[in-house]
Every structure is written in structure tokens, then in C-alpha cells.
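Chemist: predicted model and sequence follow; I will ask about them next.
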Amino acid sequence: MATPVSLTSSNTTNAATQVQAKDDKPVSVAAKAKADLNASIVQASLSVSISSSNDQMSVVLKTALTGINEALKKDGFGDDAIQNAASQDNTPEGTAGRIVSLSTGFFEAYKQQHPGEDEGELLNKFMDTIKSGMERGFSEARDVLKGLNALNGDISSNIDKTYELVQKGYDDFIAAHQPKTDSAGTSTDKAAA
């Protein structure tokens with residue numbers, strides 16, 4: 001049986017601690033994104049549990065956190081992975097920044113998988129793909145929080161703000177990666193030539 005842990009323990013005070021593989025190699029972008037999402041959900045669950053007078057559920061949550069930490073440790077995320085991930089910047093700006101950078105970080109690999117395709121079309125297809133995933137992720141997060149009766153007040157408005165900032169980040173990414181056109185309106189990028 002897992003031993004309950006407290007998020008206020010002294011081993012969670014280092015906010016700069018990063019989640020890393022046990023061999024100190026960087027964790028894949030997808031694994032980090034999933035760990036971040038899981039940490040956010042657990043953190044929201046913990047907030048609900050702490051504000052609740054139901055001590056039995058608090059014990060269940062703490063025990064579950066310990067079990068999750070043990071499983072993540074086996075997968076190479078080190079000790080106290082949930083607490084370390086929860087100590088990151090979880091403001092709407094910080095969360096949106098991670099969502100945008102992690103999802104748009106796949107663009108170069110996507111381009112390599114589609115050589116010779118029109119740059120503009122490629123960008124549109126890529127953005128459609130990641131926007132679809134982002135929409136699904138936000139919807140699932142809202143459903144989880146709604147199920148926990150935690151989708152109210154600041155949480156709801158922070159989700160809305162995060163969503164808006166992600167949309168702006170995607171718009172900025174598109175603007176920065178649009179193929180250049182000459183005065184005749186034709187693309188000047190090599191891939192489109």
C-alpha cells in the first residue's frame with residue numbers, strides 16, 4: 001500500500017526542480033505535456049479536497065498521489081514528480097505558454113514528414129491538427145473539473161483566459177510561419193517553388 005504524502009512537505013519547496021528522467025536525459029515533449037496535464041488535474045483535485053471537510057477523501061487523494069508518484073518514478077520522472085510538476089508556473093500565462101510551445105514544437109518534424117508540400121497548406125494542416133487536440137484537451141479538462149464540482153469562480157475564468165492566450169499564441173505562430181509572398185502574390189519559399 002502506498003504511503004500518503006503531503007504537498008506541504010519540505011521536499012516540495014524547490015520550485016525550480018524540473019521533472020527529469022532518472023538518467024538525467026530530457027523527457028519527451030509528449031510525456032512532459034501529459035505529466036503537466038495530469039499534475040494540473042491532480043492539483044485542482046487537491047484544492048477541492050483541501051477545501052472539503054471530508055477527511056476520508058483527503059486520505060484517498062493523498063494515497064492516490066503517492067501511488068501516482070511511485071508509478072511515475074518507475075517511468076523515470078524521479079521522486080515526487082507530481083509535487084515537482086505542481087510547483088511550476090500554473091498561471092494562465094504560464095500554462096498557455098507551455099501548451100503553445102509544446103504543441104507548435106512539432107512543426108519542423110511535421111514538415112519533414114510531408115516533404116515537397118506547399119508551405120501554406122502544410123501550416124494550415126498542422127495547425128488544424130494541434131488545434132483539434134487542444135480543443136479536445138480543454139473540453140476534457142473542463143469535464144473533469146465539472147465532475148469534481150470545481151469548475152467555478154477563478155478556476156473557470158483562468159481556464160477561459162488560458163484558452164484565449166493559447167489562441168493568441170497559435171495566431172502569433174501562424175503569422176510568424178506564413179510563407180513569404182512577392183508583390184504578385186506568389187510564394188517565395190523554396191518548398192512552394
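Modeler: Yes, it's here.
Chemist: which parts of the chain belong to which domain?
Modeler: Following automatic domain parsing, the chain resolves into domains at 16-88, 89-193.
Chemist: which of the ones you listed has the lowest average pLDDT?
Modeler: Note on the domains of the chain: domain 16-88 shows the lowest mean pLDDT, a mean of 64.
Chemist: can you give me the helices for this structure?
Modeler: Listed in chain order, the helices of the chain (DSSP state H) span 29-51, 55-74, 81-86, 92-104, 107-113, 119-147, 153-177.
Chemist: out of those helices, which one sits most buried?
Modeler: Across the helices of the chain, averaging neighbours per residue (mean count of other CB atoms under 10 Å) puts helix 81-86 on top, at a mean of 23. Any C-beta I mention is one placed from the backbone N, CA and C, and that applies to glycine too.
Chemist: what is it packed up against?
Modeler: helix 29-51, helix 55-74 (3 or more CB pairs under 8 Å, 6 or more residues apart in numbering; DSSP states H and E).
Chemist: doesn't Gly97 make contact with Gln88?
Modeler: No: using CB atoms under 8 Å, Gln88 is not in contact with Gly97, being 10.7 Å away.
Chemist: residues contacting the closest residue to Lys161 other than its chain neighbours?
Modeler: In space, and not counting its chain neighbours, Lys161 is closest to Pro92: 4.0 Å by CB to CB, 6 or more residues apart in numbering. Pro92 is in contact with 158-159, 161-162, 165, counting by CB atoms under 8 Å, 6 or more residues apart in numbering.
Chemist: kind regards, and thank you for your time.
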